[in-house]
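*Asks:* Fold the following, please.
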Amino acid sequence: MRARFPVSPSTYARVAVVALVALTLIVLTGAAVRLTGSGLGCPDWPKCYGKVVAPLETHAVIEYGNRILSGLVGVAAMAAGLLAFFRRPFRRDLAALGVLLPLGVVAQAVLGGFTVRHHLAPGFVMAHYGLSMLILIAAVALAWRAHREPGERPRSDDRVTVWAVRALAPLGAVTIFAGTAATAAGPHAGGMDDQKINRLDFKGAGTLDWAIQQHARIATAMGLAAAGVWLLARRREAAPGLRRALSALVALLGAQGAIGLAQYALELPAEIVWLHVTLAAVTWLSVLWAAAAAGRLAPRPTAERAERLSVGTAR
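*Replies:* Purely as a prediction, here's the structure:
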């Protein structure tokens, strides 16, 4: 069957991009569900009030609409996973990454069910967003690799720049985790006013301020680190693609800082919080894209090869 229905590299690259876009959009709509208080618009799962079709009530429609969109995202992820085996020439790396996408969507659906059944317990909500960020790692890697053949780009000898860029990824992940904690302690817990929703409260009434302060400190460190890596890449004349990715990252982090200050000063209006969460996902994508643009490192020369090179240089 794979021989009868071959998929060209260019077609598969487009499928990978569609899957990446779909997986990003579902993060944004999921945040909208939470911030509109629709997290329990359908109090059961997978049905809504025991029915296949949601009742015509705003919160139920928003929550159920997000579930339907999740199904469409699942189709895109399934296509990326399945068509990797039909791509010609076949590439094992694309197949491995492609399979991760539908598996991630299934895991999200299961975790979403537990989140609803446990009445939006903060741990489940934070894990739900965190899993989305993990799936995006696979989606970005798939889209990046699908557009390039193995060995097409030369490996980098600039170990300092490559490792500096890579170090931004774990720092970005910690920043996002701190942001989810601040949201979980805040006023937008995902449910309606008459619903009992659990929030993070390990410091009592001061939990929200504490979480916001920690998130602000970590985000500031992330911004300074990104600016430092951007300056390093320019000084060491890194590849133009990497410098563009880092420029976008620094700009997004600057915008995030401004929006974060605005939402705090305005006492966390839902619309601005949604914009903050949206830009967080886009910023995470820029971190991943910068790491991909930094490239793979060239292997260190062996002692024997280094000696031959030094002798040749001396001659």
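*Asks:* Can you tell me the SS state at R148?
*Replies:* coil (DSSP: H, G, I helix; E, B strand; the rest coil).
*Asks:* For it, the count of nearby residues, please.
*Replies:* 12 (other CB atoms under 10 Å). In short, each C-beta sits where N, CA and C put it, glycine included.
*Asks:* what's the answer for T183, then?
*Replies:* 30.
*Asks:* these two touch, right, it and V277?
*Replies:* Yes. Counting by CB atoms under 8 Å, T183 sits close enough to V277 to count as a contact (7.3 Å).
*Asks:* Would you map the helices across the stretch 51-200 of the chain?
*Replies:* Under the criterion DSSP state H, counting those that start in this stretch, the stretch 51-200 of the chain carries helices at the ranges 58-83, 92-117, 122-146, 159-185.
*Asks:* Just list what the third one packs against, helices and strands only.
*Replies:* Contacts of helix 122-146 with other secondary structure elements, assessed using 3 or more CB pairs under 8 Å, 6 or more residues apart in numbering; DSSP states H and E, are made with helix 9-35, helix 92-117, helix 159-185, helix 270-294.
*Asks:* Indicate which one of those helices is closest to V52.
*Replies:* Shortest separation from V52 across the helices and strands packed on helix 122-146 is recorded for helix 92-117, at 15.8 Å, computed as CB to CB.
*Asks:* May I see the buried residues of that closest one?
*Replies:* By neighbour count on 16 or more other CB atoms under 10 Å, the buried set for helix 92-117 is 94-95, 97-102, 104-105, 108, 111-112, 115-116.
*Asks:* any idea which of those residues is closest to I212?
*Replies:* Comparing these against I212 with CB to CB picks out T115 as the nearest, at 22.9 Å.
*Asks:* what's near enough to touch the nearest residue to the closest one once chain neighbours are set aside?
*Replies:* Counting by CB to CB, 6 or more residues apart in numbering, the nearest residue to T115 once its immediate chain neighbours are dropped is F124, at 4.0 Å. Shown here is F124, whose contacts under the criterion CB atoms under 8 Å, 6 or more residues apart in numbering are L111, F114, T115, H118.
*Asks:* what's the nearest residue to the first one if we skip its chain neighbours?
*Replies:* The spatial neighbour of L111 that comes closest, neighbours along the chain excluded (CB to CB, 6+ apart), is H128 at 5.5 Å.
*Asks:* Could you check the pLDDT of that neighbour?
*Replies:* According to the model's per-residue confidence, H128 sits at a pLDDT of 86.
*Asks:* again, but for G172
*Replies:* Predicted confidence (pLDDT) at G172: the value is 96.
*Asks:* In this structure it contacts A221, no?
*Replies:* No. With contacts defined as CB under 8 Å, G172 does not count as touching A221, sitting 10.6 Å away.
*Asks:* Could you list the buried residues of stretch 247-255?
*Replies:* Applying a neighbour-count criterion of 16+ other CB under 10 Å, one finds S247, A248, L249, V250, L252, L253 buried in stretch 247-255.
*Asks:* Could you list the alpha-carbon positions for that stretch in CSV?
*Replies:* Listed in CSV are the C-alpha atoms of stretch 247-255, where the atom choice follows Å, rounded to 0.1, in the frame of the first residue of the first chain:
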residue,chain,number,x,y,z
SER,A,247,15.8,38.6,17.5
ALA,A,248,12.2,37.3,17.4
LEU,A,249,12.6,35.7,20.8
VAL,A,250,13.9,38.8,22.4
ALA,A,251,11.1,40.9,20.9
LEU,A,252,8.5,38.4,22.2
LEU,A,253,10.0,38.4,25.7
GLY,A,254,9.9,42.2,25.7
ALA,A,255,6.3,42.2,24.7
